[in-house]
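> After the sequence you'll find the predicted model.
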2 protein chains.
Amino acid sequence: MLIQEPVVWNGEEGKVKWLLQTLLPGEVVYKTSSSYEDIYHAIQVLDIRGAPLIGIGAAYGIAAHVLHSEGSIPQLYEEAKKSGNRLVTARPTAVNLSWAVNRMLVRAKSLLSNNVSTDEFKKGIVDEAISIDKENSEMTNKIGEYGSQLLSDGDVVLAHCNAGTLACGGIGTNLAPIRMAIKQGKRIKVVQTWTGPLFQGARLTMWELKHDGTDSVLIPDTSVAYALGNLGITKVIVGADRILMNGSVANKIGTFGIAIIAKHFKIPFYVAAPTSTIDRKSRSIPIEQRNPEEVTDLLGKLKIAPEGIRVANPAFDITSPKFVTGIITEKGIISPPYRKNISQILYQN
Amino acid sequence: MLIQEPVVWNGEEGKVKWLLQTLLPGEVVYKTSSSYEDIYHAIQVLDIRGAPLIGIGAAYGIAAHVLHSEGSIPQLYEEAKKSGNRLVTARPTAVNLSWAVNRMLVRAKSLLSNNVSTDEFKKGIVDEAISIDKENSEMTNKIGEYGSQLLSDGDVVLAHCNAGTLACGGIGTNLAPIRMAIKQGKRIKVVQTWTGPLFQGARLTMWELKHDGTDSVLIPDTSVAYALGNLGITKVIVGADRILMNGSVANKIGTFGIAIIAKHFKIPFYVAAPTSTIDRKSRSIPIEQRNPEEVTDLLGKLKIAPEGIRVANPAFDITSPKFVTGIITEKGIISPPYRKNISQILYQN
């Protein structure tokens, strides 16, 4: 039994329901609303987080707003644009957010041009949001199907950060192969890192794994080499924020260190991510530095360092392709050489 | 200007003065007492911590108690034994504690046999504690002198955990080469890890480095590979809990991962520790597992994981000799091959 999706459409009320992720793991609280301002706020404060989830939240936000609006078709179209233009600014850097809002507005424009009825317009908008959600879930299932082929009964998987349902919807990305393999009857254990400084591994992934009833162990980030050497780990599977055409993987800080240590122990290192994560143009990835207080005041609640010190707080690191055994996508598993094989999978259809 | 020693002898009052390390870095509070029960408590709650420091604290505890006791020489000798037998149980696993207490009681017995006066007995006991403290400081200075020969102007050193003054007295062990090099006029920067789960790097070493005015940067444990690849680090220097004759190094959890990543980046990895850390007999080191709550409830104050999950919390890891560029001791720097060269330095005199 998997966890409930963190953003769901409540068809009866025509509202969006979402999990307040900032309260995890202490409290499991859902909120329901048809106000796009509420969704905007939820995205801003990270109650709705993870690139795919943000897009789904925004799409449902537009749908709920249009559904509860009144007026002519051109007026409803204006309401769709108003909510979309607002939501797209909630987190300006997330590509999926603008992609999803744009797709909703393209659909609204098409409905406007087709002289549909008010009910048909509203239904069309809601259906588009549901499609975005559903296609995303199908993508995670595909990653699970391909990835599960790599896992055998008895495997122990090291996982980093959170690329589960809470970030990606469906069955997640790096958790998808594990969940699918377990569904197939394979016994799989997970060793999960803290993933400081924000502890998304401890707070979010351990919550998902506990909910699933998966055999799992949490380790501090300092225990990675110990765990790879002593806890019987047979595979590493992580998610990705961005993948370059040469196979370089940007992912949550700590990933590159895990990859280097895994190679030392000759343990295969896999990346699970949709092909939409592949950046077809860039040749390098600038590394974002986040707020120093994340490092000195844990979760804004526990001060662990003296005042006035300097800090480095990179949000992610870049794992070079030679450490990556394979990339698990919804279109199949990509093996080295990456430059050739990534192109092939992207452009085959 | 280095920090004040965390355990000092107050000669005027004949009392022990110590820093309440558990309050760092938030508060800097010292306590003064002549009661060995107070010292016992301070060692138990980790206000006095680090193997060498515990020994020094216990020695001064015996000295203060004898100094403030009255009676004949045999009665004073009994008081020394009473306080020593109590203090030695404060942390039964710390070798330095029993070593220091034993040395104090051997001295007391020798004074008893020599028919000294009461004043001479008390002075002899106090002098012995001061000697233990002084010899320890000299050991750290020697490590600093040898280790500083490895450091050049402009070096950037990655450091892990706390093996500074707060743990080792004097100028510390892994911080000794850095401090000595800076004293010699070399410009040295330090990149310091958090060192979760107890954050001794953030809490204690950053406090020492800030006090020294050393150019330093704190990083989360996930940033080690990023830092070794991007922050211009030229050397790694860590401490050690135990070193085997073959050069295997047991040190705070996280050390082995740093060593593997440093080797990938071809950055020299040094261990700084006194020769008393070398275990002449054992062929392996059992790895102590600590309280799971250290991983789920940070410093007993911040809950970051769901209830009832499983945890691995090894206290240290073992770095294999092939990752160790050199071992900096008070007798000189030991290079590979370790089995031959460790024997040589131990038995050369």
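Nice, I can see it.
> how close does the nearest residue to A:Q184 once chain neighbours are set aside get to chain B?
Excluding the flanking residues, the one nearest A:Q184 by C-beta to C-beta, 6 or more residues apart in numbering or on different chains is A:S148, at 6.1 Å. Just so you know, the C-beta spots here come from the backbone N, C-alpha and C atoms, and that holds for glycine as well. The gap separating A:S148 from chain B is 23 Å, by C-beta to the nearest C-beta, to the nearest Å.
> ok, A:S148 - contacts?
The contact partners of A:S148, taken as C-beta atoms under 8 Å, 6 or more residues apart in numbering or on different chains, are A:P177, A:M180, A:A181, A:Q184, A:K186.
> Ramachandran angles for it?
Main-chain torsions, A:S148, degrees, to the nearest 10: phi -70, psi -20.
> ditto for A:T89
Main-chain torsions, A:T89, degrees, to the nearest 10: phi -90, psi 0.
> so who does it touch?
Applying C-beta under 8 Å, 6+ apart to A:T89 gives the contacts A:Y40.
> try it again with 6 Å
With C-beta atoms under 6 Å, 6 or more residues apart in numbering or on different chains as the criterion, no residue contacts A:T89.
> Not including adjacent chain positions, what is the nearest residue to A:D133?
Nearest residue to A:D133, sequence neighbours excluded (C-beta to C-beta, 6+ apart): A:I56, at 5.0 Å.
> Can you give the distance from stretch A:33-53 to the centre of its chain?
14 Å (C-alpha atoms, centre = their mean, to the nearest Å).
> End to end on it, go ahead and measure it.
End-to-end distance for stretch A:33-53, by C-alpha to C-alpha, to the nearest Å: 16 Å.
> Which residues does it contact?
With contact meaning C-beta under 6 Å, 6+ apart, stretch A:33-53 is reached by A:7, A:15, A:18, A:20-22, A:54, A:57, A:61, A:64-65, A:68, A:83, A:86-87, A:90-91, A:94, A:96, A:136, A:167-169.
> Narrow those to those in helices?
Assigned to helices by DSSP state H, the following of the contacts of stretch A:33-53 qualify: A:I54, A:G57, A:G61, A:A64, A:H65, A:S83, A:R86, A:L87, A:N96, A:N136, A:A167, A:C168.
> Of those residues, which is the most crowded?
In terms of neighbours by other C-beta atoms under 10 Å in any protein chain shown, the ones in helices among the contacts of stretch A:33-53 top out with A:G61 at 33 neighbours.
> tell me what the helix-or-strand element of chain A with minimal mean pLDDT is packed against?
One helix or strand of chain A scores below all others by mean pLDDT, DSSP states H and E: strand A:278-279, with a mean of 90. Counting contacts by 3 or more C-beta pairs under 6 Å, 6 or more residues apart in numbering or on different chains; DSSP states H and E, strand A:278-279 packs against strand A:242-244.
> In terms of secondary structure, what does the strand it packs on contact?
Checking 3+ C-beta pairs under 6 Å, 6+ apart, strand A:242-244 ends up next to strand A:278-279.
> Each with direction, which strands does the strand it packs on pair with?
strand A:242-244 (parallel) (DSSP bridges).
> what's the spacing between the partner strand and its chain's center?
Offset of strand A:242-244 from its chain centre (C-alpha atoms, centre = their mean): 14 Å.
> mean confidence for that strand?
In this model, strand A:242-244 has an average pLDDT of 92.
> The residue found closest to A:V88 once you drop the neighbours it is linked to in the chain: what secondary structure?
In this structure, A:V88 finds its nearest non-sequential neighbour in A:V101, 4.6 Å apart by C-beta to C-beta, 6+ apart. Of the three states, A:V101 takes helix under DSSP: H, G, I helix; E, B strand; the rest coil.
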